[in-house]
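In: can you look at this prediction? I've put the sequence above it.
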Amino acid sequence: MQAFRLILASSSPRRRELLAQAGLEFEVAAPPLAEPATGLEGLSPAAQAEALAYFKARAVGPREDAYVLGADTIVAAGQAVLGKPADAAEARAMLSALAGTRHAVITGVALLGPGGRRRIASATTFVVMRAITSRDVDAYVASGEWEGKAGGYAIQETADRFVERVEGSFANVVGLPVDLVVRMIEELRGEER
């Protein structure tokens, strides 16, 4: 059995931090292609997150000498699926729509291993957000913290003040369900034995 090598197919500093906190050694290779903006309509929110995670992992791998990990986080509020806002106006609209709701934060995870082995799964965490005034929304959007964040907010930064409770994995809301990733790695490693 060859040495374990993990490549994170992401440029997200939050995902790097979560993997490092889990004690995993890894390299980083940002996907060379932009994720598709269309073509996922009709899929469930979990299937959309999983497809985007697979796209990222596939864009970097597969490799015969490493496991490639892709992840993508989306927010689902009812039937609306919210990715990363394109601009401040979209961030304002997303945050206003999420205020006072219980919504799902879903992270799709794809792990591609040597020999064509793979695991694709997702984790869902529910976030209950309090009502937010338009002044609070405007101040948050002006801070720029919404940039690159699914649903237009970052719970690990100052948006936690809008959250009443988290039902499930906090790490998942930040962007990577570490417990799921570790389980998937262990399953694939077990197949090597």
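Out: Cool, the structure landed.

In: okay, now the nearest residue to A131 once chain neighbours are set aside: neighbour count?
Out: Among residues not flanking A131 along the chain, G100 sits closest, at 4.2 Å (C-beta to C-beta, 6 or more residues apart in numbering). For the C-beta atoms, the positions are set from N, CA and C on the backbone; glycine is no exception. G100: 13 surrounding residues under other C-beta atoms under 10 Å.

In: which residues in this protein form helices?
Out: Using DSSP state H, the helices of the chain run over 13-21, 45-60, 88-98, 134-143, 170-174, 178-192.

In: quick one: the residue nearest to A131 from F126, how far?
Out: For G100, the distance to F126 (C-beta to C-beta, to the nearest Å) stands at 14 Å.

In: same thing with L8?
Out: In terms of C-beta to C-beta, L8 sits 26 Å off from F126.

In: now for the most centrally placed residue in the chain: which residues touch it?
Out: By C-alpha atoms, centre = their mean, the chain has its centre lying nearest to T73, at 2.7 Å. T73 makes contact with A49, V105, I106, T107, G108, A150, N172, G175 under the criterion C-beta atoms under 8 Å, 6 or more residues apart in numbering.
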